[in-house]
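> Just to be clear, the model below is a prediction. Sequence and coordinates:
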Amino acid sequence: MLPIANQIFMDTSPIHILFVSDHLGHEGGRIHGATRYFLDVLPQLEKSAAVELHVVFLRRYHKMAQLLEEQGVEVTFLQRAKYDPRAVLDIVQRIRNDQIAILHCAGMKGILSGRIAARITGIPCIAHLHDMLPPPVPIRQMMRLTRHWSELTLAISNAVAQFAAAYFKTPPATISVLRNGVHLSPFCVPTSPAKRLKLRKQLGIPEDATVIISVGRLHAVKGFSDSINVLRHIRNPKIWLLIVGEGPEEKHLREQAQGLPVVFAGQRSDIPDLLTLAAVMLMPSYSEGLGLSAMESLAAGVPVVAYATGGLKEVVVHNTHNTCGILVPKGDLTALCEATRELIFDKEKNQQFACEARRRSASFAIDQHIEKLLDLYRNIFRAFCDTRSANTDAKHKQET
């Protein structure tokens, strides 16, 4: 056991947390869902008196760090290659230097490096899973071998929790579901008609066009190709598709969209304003840990049409009592087209769904997420202190 100062085991305020992840975003400044989570949550933790936050990313500098630093979050990039084992030693050193009490790790390589460092130093580790994308076989095997080295596996949805239990053999008793949160206020502020008109002109969307929006990283698993096919099947020049995001599929998607009223807006920071242009959020994802874009869409009062996959089934309510969107079987393009068409042309139903969407979004408030996360930190820290104290007492009795 590393001889860390005794005060961190006795004084619960603040708890020193080291947050570790593989990377903040993709090459070229591109972001993913976890990036948006980091940008939302880490500044809130930094402001909390309950913790003292330290943040480390294993890979190279990412420009989104500037947004964190502007909000007081100090970020360290270790500049390590993808599978560089020296990252473990870097983390161990940070634990020793900063008197870390809990490691909170995200991303497969972040989790593996963190688990090993926590094992070396004897402190608790939280493994935070954000998706259900199977990693390469060696990483899967390492995740299985080290599964008992985390006091807690944090899953962003029941779907991710089930994935962790089945794919990584994580003991269900050590898994806790904590859904991501959203800053609701930016989506509740009305955008003026003049600003909406200006946005349409900037994007080249006619004033009288009905807009379908799809937001996310342009990756095959997100199903943007199906979004374009929906537009092709609707065959109405007054229906436009707005695609927001960047990624490896962009060139292919642009080729597929030739001749169709599709606008590629790139990576944007004004999602709340863009959502005010839309009648429907289209999310034909083939794998989705939770669905942050769906949560934001509901907060803006925009109904969601999506494949019934992963965490989207936990975000989008679709039943006879209260409905904020329509879920269809994964890969069923015909059903996806019919559902989208229904919410575009049935204005009364769209408004009913929009009202329910806003009510539903109240359960996604970021403040609720932060408080639950802080409670997890406190509980893990308290249990660790109790175990540490019991072990110390037992050792003392043996010696006397």
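Ah, there it is.
> Only C-alpha atoms from now on, for both contacts and neighbour counts.
Noted.
> contacting residues around the spatially closest residue to residue 219 that is not a sequence neighbour?
In space, and not counting its chain neighbours, residue 219 is closest to residue 249: 5.3 Å by Cα to Cα, 6 or more residues apart in numbering. Going by Cα atoms under 8 Å, 6 or more residues apart in numbering, residue 249 touches 218, 219, 220.
> neighbours around residue 151, how many?
18 (other Cα atoms under 10 Å).
> Run through who's touching the helix or strand hosting residue 140.
Using DSSP states H and E, the element containing residue 140 is helix 137-145. Helix 137-145 has contacts (Cα under 8 Å, 6+ apart) with 108, 112, 134, 167, 168, 169, 170.
> Save those as JSON lines, and put in neighbour count and pLDDT too.
Converted to JSON lines, the contacts of helix 137-145 look like this (neighbours: other Cα atoms under 10 Å; pLDDT from 0 to 100):
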{"residue": "108", "neighbour count": "20", "pLDDT": "94"}
{"residue": "112", "neighbour count": "25", "pLDDT": "97"}
{"residue": "134", "neighbour count": "11", "pLDDT": "93"}
{"residue": "167", "neighbour count": "15", "pLDDT": "96"}
{"residue": "168", "neighbour count": "19", "pLDDT": "97"}
{"residue": "169", "neighbour count": "17", "pLDDT": "97"}
{"residue": "170", "neighbour count": "23", "pLDDT": "97"}
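> Please put the alpha-carbon coordinates of the helix holding residue 140 into CSV.
Only the C-alpha atoms of helix 137-145 are listed here, as CSV (Å, rounded to 0.1, in the frame of the first residue of the first chain):
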residue,chain,number,x,y,z
VAL,A,137,-9.9,-8.7,-28.8
PRO,A,138,-6.7,-7.9,-26.8
ILE,A,139,-8.4,-4.9,-25.2
ARG,A,140,-11.5,-7.0,-24.4
GLN,A,141,-9.4,-9.6,-22.8
MET,A,142,-7.5,-7.0,-20.7
MET,A,143,-10.8,-5.5,-19.6
ARG,A,144,-12.0,-8.9,-18.5
LEU,A,145,-8.8,-9.7,-16.7
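> now the host helix or strand of residue 153: mean pLDDT?
Per DSSP H and E: residue 153 is located in strand 152-155. Strand 152-155 shows an average pLDDT of 97 in the prediction.
> Please apply the same query to stretch 371-390.
90.
> got the buried residues for that stretch?
By neighbour count with 16 or more other Cα atoms under 10 Å, stretch 371-390 contains the buried residues 373, 374, 376, 377, 378, 380, 381, 382, 384, 385.
> nearest to residue 123, of these?
The nearest member of those to residue 123, counting by Cα to Cα, is residue 384 at 8.1 Å.
> ok so, going back, determine the set of other helices and strands touching the strand holding residue 153.
Applying 3 or more Cα pairs under 8 Å, 6 or more residues apart in numbering; DSSP states H and E, one finds that strand 152-155 contacts strand 125-129, strand 175-177.
> Name every strand pairing with the first one and say which way it goes.
Based on DSSP bridges, the strands next to strand 125-129 in the sheet, each with its direction, are strand 102-106 (parallel), strand 152-155 (parallel).
> Could you list the buried residues of the next helix or strand after the first one?
Going down the chain from strand 102-106, the next helix or strand is helix 108-121, by DSSP H and E. Of the residues in helix 108-121, those buried by neighbour count under the rule 16+ other Cα under 10 Å are 108-119, 121.
> quick one: helix 108-121 to chain centroid distance?
Offset of helix 108-121 from its chain centre (Cα atoms, centre = their mean, to the nearest Å): 21 Å.
> how near is residue 256 to residue 231?
11 Å (Cα to Cα, to the nearest Å).
> of these two, who's got more company?
The neighbour count for residue 256 versus residue 231, taken as other Cα under 10 Å, is higher for residue 231 (22 against 13).
> Please report how far the spatially closest residue to the more buried one that is not a sequence neighbour lies from residue 205.
Sequence neighbours aside, residue 241 is the residue nearest to residue 231 in space, at 7.0 Å (criterion: Cα to Cα, 6+ apart). Look at residue 241 and residue 205: by Cα to Cα, they are 9 Å apart.
> and if you look at residue 100?
52 Å.
> do the same with residue 364
31 Å.
> Same question for residue 53.
Taken as Cα to Cα, the span from residue 53 to residue 205 is 44 Å.
> cool, residue 308 as well?
Taken as Cα to Cα, the span from residue 308 to residue 205 is 30 Å.
> what does residue 30 give?
According to Cα to Cα, residue 30 and residue 205 sit 25 Å apart.
> So what are the structural domains in the chain, by residue number?
7-181+366-399, 185-363 (automatic domain parsing).
> Show me the shaky parts of the stretch 301-400 of the chain.
320-322, 391-397, 399-400 (pLDDT under 70).
> What are the boundaries of the strands in this protein?
15-21, 51-57, 75-77, 102-106, 125-129, 152-155, 175-177, 210-215, 239-244, 262-266, 278-283, 304-307, 325-328 (DSSP state E).
> What angle do strand 15-21 and the second one make with each other?
When axes from the mean of the first three to the mean of the last three Cα atoms, to 10 degrees is applied, the directions of strand 51-57 and strand 15-21 differ by 20 degrees.
> Which one of the buried residues of helix 108-121 is nearest to residue 227?
residue 108 (29.6 Å).
> which residues does that closest one contact?
So residue 108 contacts 22, 135, 139, 143 (Cα under 8 Å, 6+ apart).
> Could you list the single helix or strand in this structure with the lowest mean pLDDT?
Counting by mean pLDDT, DSSP states H and E, the chain has its least confident helix or strand at helix 7-10, which shows a mean of 46.
> The longest helix seen in the chain: how far from the chain's middle?
With secondary structure taken from DSSP state H, the chain has its longest helix at helix 366-399. The chain centre lies 27 Å from the centre of helix 366-399; the measure is Cα atoms, centre = their mean.
> Same question for stretch 348-364.
22 Å.
> Sort out which residues of that stretch are buried, please.
350-351, 353-358, 360-364.
> Ok, stretch 187-206 next?
187, 196, 199, 200, 205.
> Please write out the alpha-carbon positions of that stretch in PDB.
This file holds the C-alpha atoms of stretch 187-206, laid out as PDB (Å, rounded to 0.1, in the frame of the first residue of the first chain):
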ATOM      1  CA  PHE A 187     -32.500  24.900 -25.100                       C
ATOM      2  CA  CYS A 188     -35.300  26.700 -23.200                       C
ATOM      3  CA  VAL A 189     -34.400  30.200 -24.500                       C
ATOM      4  CA  PRO A 190     -36.600  31.100 -27.500                       C
ATOM      5  CA  THR A 191     -34.600  32.000 -30.700                       C
ATOM      6  CA  SER A 192     -36.100  35.100 -32.300                       C
ATOM      7  CA  PRO A 193     -37.700  34.800 -35.700                       C
ATOM      8  CA  ALA A 194     -35.100  37.200 -37.100                       C
ATOM      9  CA  LYS A 195     -32.200  35.000 -35.800                       C
ATOM     10  CA  ARG A 196     -33.900  31.900 -37.200                       C
ATOM     11  CA  LEU A 197     -34.300  33.600 -40.600                       C
ATOM     12  CA  LYS A 198     -30.600  34.600 -40.500                       C
ATOM     13  CA  LEU A 199     -29.500  31.100 -39.700                       C
ATOM     14  CA  ARG A 200     -31.600  29.700 -42.700                       C
ATOM     15  CA  LYS A 201     -29.900  32.200 -45.000                       C
ATOM     16  CA  GLN A 202     -26.500  31.300 -43.700                       C
ATOM     17  CA  LEU A 203     -27.200  27.600 -44.200                       C
ATOM     18  CA  GLY A 204     -28.900  28.100 -47.600                       C
ATOM     19  CA  ILE A 205     -32.200  26.700 -46.400                       C
ATOM     20  CA  PRO A 206     -35.300  28.300 -47.800                       C
END
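> Right, I'll leave it there.
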